[in-house]
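Here is my input; please provide its structure:
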Amino acid sequence: MTYILVDTANTFFRARHVIRGDADTKLGMAFHITLNSIKKAWQDFDGSHVVFCLEGRSWRKDYYEPYKRNRQETRDAMTTSQAEEDKLFWEAFEDKGTKGYNWNNLMLQRWVDHNGEEHRVLEDYNRNVVLCDLTAQPEEIRNIINTTIKNVKAKQISQVGLRLMKFCATWDLQRVSENAQLYAEPLQARYVA
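This next block holds a predicted model:
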């Protein structure tokens, strides 16, 4: 069984920045992009069930309190030397597969955060692996996820296609409604325990 895990809030809120316009246009496009992303993952990975992850507050903030805080302000406030370091980071990222010179040079660097605390890049990298890599999630988080999946009770939701068509009409999702079967398939897939 292939589960398609959808980080629903992330997908939806990232999509809203793709188009300019009034709120209805942006909202409709966010729905369209979210549905397209689900359909693409369903087709690319031959999905058999979709899991919509709808957490309230991320556990990652408990693990590392500054998680995703002040991202844009940090980029906007970069000095020339910081921008050069950022460029080095992307070069190292490209070198990560072989863990060559650029990668190792970056990993051994130290830096000071906005609170004056010194960090080693390698230590932050290893912490971020835990925060982002699904295979490296803390054991208690994996247990919670596995328990949640095991305790799922199948729902019988009728007329998924009709509900999707009404949704498309509400948000003027013409292309989605023209290909409703492609979008309805992952939404109506049944969970088989």
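
residues contacting Phe45?
2, 4 (Cβ atoms under 8 Å, 6 or more residues apart in numbering). For glycine as for every other residue, the C-beta is placed from the backbone atoms N, C-alpha and C.

And it, its phi and psi?
phi -110, psi 10 (degrees, to the nearest 10).

what does the one 3 residues further on give?
Reported as degrees, to the nearest 10, the phi and psi values for Ser48 are phi -120, psi -10.

Specify the residue ranges that define each domain of the protein.
Per automatic domain parsing, the domain ranges recorded for the chain read 3-59+138-188, 60-135.

which of those sits most buried?
domain 3-59+138-188 (a mean of 14; mean count of other Cβ atoms under 10 Å).

For that one, measure first residue to last.
14 Å (Cα to Cα, to the nearest Å).

How far does that domain sit from its chain's centre?
Between the centre of domain 3-59+138-188 and the centre of its chain there are 12 Å (Cα atoms, centre = their mean, to the nearest Å).

any idea of the mean pLDDT for that domain?
Average pLDDT, domain 3-59+138-188: 84.

Could you do stretch 75-84 as well?
On average, stretch 75-84 scores 79.

got the CA coordinates for that stretch in PDB?
Backbone C-alpha positions of stretch 75-84 (Å, rounded to 0.1, in the frame of the first residue of the first chain) are rendered in PDB as follows:
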ATOM      1  CA  ARG A  75      17.100  37.000   4.400                       C
ATOM      2  CA  ASP A  76      16.300  40.700   4.100                       C
ATOM      3  CA  ALA A  77      18.900  41.700   6.700                       C
ATOM      4  CA  MET A  78      21.800  39.800   5.100                       C
ATOM      5  CA  THR A  79      25.000  41.600   4.800                       C
ATOM      6  CA  THR A  80      27.200  41.100   1.700                       C
ATOM      7  CA  SER A  81      29.300  38.600   3.600                       C
ATOM      8  CA  GLN A  82      26.200  36.700   4.800                       C
ATOM      9  CA  ALA A  83      24.900  36.700   1.200                       C
ATOM     10  CA  GLU A  84      28.200  35.200   0.100                       C
END
